[in-house]
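A.B. asks: Predicted model and sequence below, questions to follow.
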Amino acid sequence: MKAALLLIIFALQSSACSLLNDDKTPTISSLDKSPVILSDVPVENSLKQTTSAYKEFLNTRVNSEARPQAMRRLADINLESEAVPEDSQLQDDVTQLYKQQANNSIKLYLDVLEHYPDYPDNDSVLYQLARAYEYANQPELSLSPLAELSGNIQTVNMYLNHISGAVRSCLY
């Protein structure tokens, strides 16, 4: 009897607290009622900031597991950014600057391949290396990474054919 009485008193006290509390704390369901305001964010310096961040990471984290990925991403940025010098309208200057960026990418890609031969994304590094050689006006050098990539693909295809043959033999 005392236990039932204590239980009733506890239930009344708990419900009284919730009735007296006029809490308007937002809940997940209240998100549907609130408007979403989107604003444009200027990204003028984002390429420079991203490049600087990757360079800083590479300078400070020499033994990081993420180092090959940072090297590859920095090389990708160098390769994709077609920086035009602001003070010059000469096409030769633009071409020379872009070749320099491509050469910087080539160096980074080669470093990834040399120092991280087991890096899982080396197939994309090889492909980007071939592109970088093309952009640096060295098409004859682009054939070597493509041949290595092609060899890797053939090896993978042979492995997949072996697996699919094993699966077929298990099914029949």
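C.D. replies: Received, thanks. Just so you know, these numbers come straight off a predicted model, no measurement behind them.
A.B. asks: Surely residue 132 touches residue 101?
C.D. replies: No: contact between residue 132 and residue 101 fails when scored by CB atoms under 8 Å: they sit 9.0 Å apart. In short, each C-beta sits where N, CA and C put it, glycine included.
A.B. asks: which residues do those two both contact?
C.D. replies: By CB atoms under 8 Å, 6 or more residues apart in numbering, residue 132 and residue 101 have these common neighbours: residue 79.
A.B. asks: need the helices for the protein, in chain order.
C.D. replies: Secondary structure of the chain by DSSP state H: the helices cover 2-20, 46-60, 67-80, 91-115, 122-135, 139-171.
A.B. asks: For the fourth one, what does the pLDDT average out to?
C.D. replies: Same thing as helix 91-115. In this model, helix 91-115 has a mean pLDDT of 82.
A.B. asks: now the first one
C.D. replies: Confidence over helix 2-20 (mean pLDDT, whole number) is 65.
A.B. asks: before we move on, back to that, ok, residue 132 and residue 101, which is more surrounded?
C.D. replies: Between residue 132 and residue 101, counted using other CB atoms under 10 Å, residue 132 has the larger neighbour count: 27 against 21.
A.B. asks: which residues touch that one?
C.D. replies: Residues near residue 132 by CB under 8 Å, 6+ apart: 75, 79, 102-103, 105-106, 109.
A.B. asks: now do 7 Å
C.D. replies: Contacts here follow CB atoms under 7 Å, 6 or more residues apart in numbering; on that basis residue 132 touches 79, 102, 105-106, 109.
A.B. asks: how near is it to residue 80?
C.D. replies: 10 Å (CB to CB, to the nearest Å).
A.B. asks: got any ranges where the protein has weak pLDDT?
C.D. replies: When residues are selected by pLDDT under 70, those of the chain lie in 1, 5, 7, 10-24, 31, 36, 41-45, 82-95, 153-172.
A.B. asks: Look up phi and psi at residue 39.
C.D. replies: When read as degrees, to the nearest 10, the backbone of residue 39 gives phi -130, psi 150.
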